[in-house]
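Enquirer: just to be clear, the model below is a prediction. Sequence and coordinates:
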Amino acid sequence: MAIRLQYSVPVFVAPTDEAAAPSLAWTVLRKDGGWILRAKNSGALHAQVGAASLVDAAGKEIELSKGLLGYALAGREREWRLPLEPGARVAGPMTVRANVNARAASAAASVAAESAGAK
């Protein structure tokens, strides 16, 4: 019997500016027939996003992850598919609650019209 393990270990180059931080802008949008959460990181440091949820105006919470959701690299966008039915109605305002670089964070998420190429 053979057992294989695979590890994924991210490696980041630290910015020279010690005050560097991620700066995330969140958007919920329809894309490719489903709902997407997009994080745009305009900061100079990557953002490790974990224990994430999305909360609508009525207070309904949609859990996205209990642990690591993923990384939004500095100067880049990252997208995650939301666990919503394709026909679900989503309207703002929305709030993203997550641990970003091991610190609790809460931020507004805009709800955009369908993106180009959406089905």
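Expert: All right, it came through fine. Keep in mind it's a predicted model, so treat the numbers as computed, not measured. Numbering: from 1, shown residues only.
Enquirer: could you pull out the strands for the protein?
Expert: In the chain, the strands defined using DSSP state E lie at 24-31, 34-41, 47-55, 61-63, 68-72, 76-81, 94-100, 103-111.
Enquirer: and those strands: which comes nearest Leu5?
Expert: strand 68-72 (17.5 Å; C-beta to C-beta). Just so you know, the C-beta spots here come from the backbone N, C-alpha and C atoms, and that holds for glycine as well.
Enquirer: CA atoms only: put that closest one into PDB for me.
Expert: Taking C-alpha atoms only, strand 68-72 is exported to PDB below (Å, rounded to 0.1, in the frame of the first residue of the first chain):
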ATOM      1  CA  LEU A  68      -8.600  29.300   4.700                       C
ATOM      2  CA  LEU A  69     -10.600  30.700   1.700                       C
ATOM      3  CA  GLY A  70      -7.500  31.700  -0.200                       C
ATOM      4  CA  TYR A  71      -5.100  34.500  -1.000                       C
ATOM      5  CA  ALA A  72      -5.600  37.800  -2.800                       C
END
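Enquirer: what residue ranges in this protein score low on pLDDT?
Expert: Within the chain, the ranges that satisfy pLDDT under 70 run 114-119.
Enquirer: next, name the residue at the spatial heart of it.
Expert: Geometric centre of the chain, nearest residue: Ala39, 4.9 Å, by C-alpha atoms, centre = their mean.
Enquirer: can I assume Ala91 is in contact with Val111?
Expert: Yes - between Ala91 and Val111 there is a contact under C-beta atoms under 8 Å: 6.1 Å.
Enquirer: and the closest residue to Leu68 other than its chain neighbours, how many neighbours?
Expert: Distance criterion C-beta to C-beta, 6 or more residues apart in numbering; nearest residue to Leu68, sequence neighbours excluded, is Gly50 at 4.7 Å. When neighbours are counted by other C-beta atoms under 10 Å, Gly50 registers 17.
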